[in-house]
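Chemist: I would like the atomic coordinates for the input below:
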Amino acid sequence: MTATTGRPSRRGRPGHDRADVIRVGVQLFNEQGYDATSVADLTARLGVTKSALYHHVDSKEQILQIALNEALGGLEDALQAALGHPTADARLTAIVDGAVRVLTERLPQVTLLLRLRGNSDIELAALERRRRFDHTVTGLVREAQAEGLVRADLDAGVATRLIFGMINSVVEWYRPDGPVDPELLGAEIRTVALDGLRPRA
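Modeler: Next comes the predicted model:
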């Protein structure tokens, strides 16, 4: 289905579907930068004509929009699920686990999100969604501080940036076909990131 109309995607050259176009587009954006990637680059990598490409997407901007929606939508869904937990500690734990899961499952899309420069309206809108996400997570840290579960001498905003700095760094080395189990990775990041926030005995 298309992102904007809900109509079934149109097929172009046999052997390529809309998912291929999105996947290759995101791959190219991550390799050489979104601004530096042209429609000609996309068609060359896919081995199709421009008209065949436009059977699947309206523009390279649409590829960017779809990819960012996949990354941000996953993070926002994880946050909503975390907010359903009964305690601040459980909510904070759940969002760390959820964010790591989204990153490992949607690695190319999240990598693209983290490399945005804000050079277009689509990018600026995505960055604003990311800021809202960070703001809500900072609120979870403050709630945990109020419950005595996180050190009160820490700035909640700084703590949030440090937690997600650790999570986001995974895009630089994690590989889905590598030896690191994603569930174990989430548990290890949670242990390292959150244990340091606990009040001293």
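Chemist: From here on, just use CA atoms for contacts and neighbour counts.
Modeler: Fine.
Chemist: Please tell me the pLDDT value assigned to residue 119.
Modeler: Here the pLDDT value assigned to residue 119 is 92.
Chemist: Strands along this protein, start to end?
Modeler: Assigned by DSSP state E, the strands in the chain number zero.
Chemist: pLDDT below threshold where in it?
Modeler: In the predicted model of the chain, residues 1-15, 201 satisfy pLDDT under 70.
Chemist: Point out the other helices and strands that the lengthiest helix in it packs with.
Modeler: In the chain, assigned by DSSP state H, the helix with the most residues is helix 121-146. Counting by 3 or more C-alpha pairs under 8 Å, 6 or more residues apart in numbering; DSSP states H and E, the packing neighbours recorded for helix 121-146 are helix 60-83, helix 88-105, helix 156-168.
Chemist: What's the end-to-end length of stretch 161-174?
Modeler: 20 Å (C-alpha to C-alpha, to the nearest Å).
Chemist: Need the contact partners of it.
Modeler: 99-100, 103-104, 107, 110-111, 114, 180, 189, 193-194 (C-alpha atoms under 8 Å, 6 or more residues apart in numbering).
Chemist: buried sites along it?
Modeler: 163-164, 167-168, 170-171, 174 (16 or more other C-alpha atoms under 10 Å).
Chemist: The contacts of stretch 161-174, buried ones only, as a PyMOL selection?
Modeler: Buried residues within those, by 16+ other C-alpha under 10 Å, are selected in PyMOL with:
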select buried, resi 99+100+103+104+107+110+111+189+193+194
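Chemist: what's the neighbour count on residue 145?
Modeler: Residue 145 has 22 neighbours, counted by other C-alpha atoms under 10 Å.
Chemist: can you pull the contacts of it?
Modeler: Counted by C-alpha under 8 Å, 6+ apart, residue 145 has contacts 151-152.
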